[in-house]
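[1] Mind folding the following:
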Amino acid sequence: MSKVLSVVTVLALASTLYLLYLKDKSDDRRHSLQEQINQVFQGQFYQVGECFGVNLDDDAAYTRCMATVNAVSVIPESITTFKNNEGVSYGLIMSNLYIAMTISKNKPLIIDHQKQMYDLFLRLSGNPEDPDLFKQLKDFVGSLDKTVSPITNHK
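    Now for the predicted structure:
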């Protein structure tokens, strides 16, 4: 009976060690995947910065920049590890920026500030967790009009 108990104990110990090994491997894979997701998010910020680095007076360039901003706004922030203390997500801010960019009266203001936006997004691509950069982006987007005028039918 004691030999059976010894064998069961050894098997239980071996199983426990194997499960701990598998958990460790799984944690490593999860960490690696999380790093890749964060890098993609940061890369998207870099692409937004780059779009603000071209002449936005050109309608095609402005439209491409809007598309780039929209692409970042649809990335679920919950899959990144970047958090903020303001209760507002990057996704919401980027969505509001996209909406503001669709309003024609905002275009001159955005173009006037494109150098600052270029610098801001390039810095955000390096450190999206910087609270000062987050606040700068939030404040700028908050200063833009996001009220879409109703469409009227002309007869």
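[2] Can you report the mean pLDDT over the residues of the helix or strand hosting residue 27?
    Using DSSP states H and E, the element containing residue 27 is helix 2-51. For helix 2-51, mean pLDDT rounds to 88.
[3] ok, now stretch 119-135?
    Stretch 119-135 comes out at a mean pLDDT of 91.
[4] any idea how far it is from the chain center?
    11 Å (C-alpha atoms, centre = their mean, to the nearest Å).
[5] Could you measure from residue 100 over to residue 146?
    According to C-beta to C-beta, to the nearest Å, residue 100 and residue 146 sit 5 Å apart. To be clear about C-beta, it is placed using only N, CA and C from the backbone, and glycine gets the same treatment.
[6] So between the two, which is more surrounded?
    Neighbours of residue 100 and residue 146, each counted by other C-beta atoms under 10 Å, are more numerous for residue 100; the result is 24 against 16.
[7] re the thing from before, list residues touching both of residue 100 and residue 146?
    Shared contacts of residue 100 and residue 146 (C-beta atoms under 8 Å, 6 or more residues apart in numbering): none.
[8] that older thread, just list what the helix holding residue 27 packs against, helices and strands only.
    With contacts taken as 3 or more C-beta pairs under 8 Å, 6 or more residues apart in numbering; DSSP states H and E, helix 2-51 sits against helix 59-73, helix 114-126.
[9] what's the closest of these to residue 132?
    helix 114-126 (9.4 Å; C-beta to C-beta).
[10] now for the following helix or strand past that closest one, which elements pack on it?
    Downstream of helix 114-126, the first helix or strand assigned by DSSP H and E is helix 131-143. In terms of contacts (3+ C-beta pairs under 8 Å, 6+ apart), helix 131-143 is packed against helix 90-101, helix 114-126.
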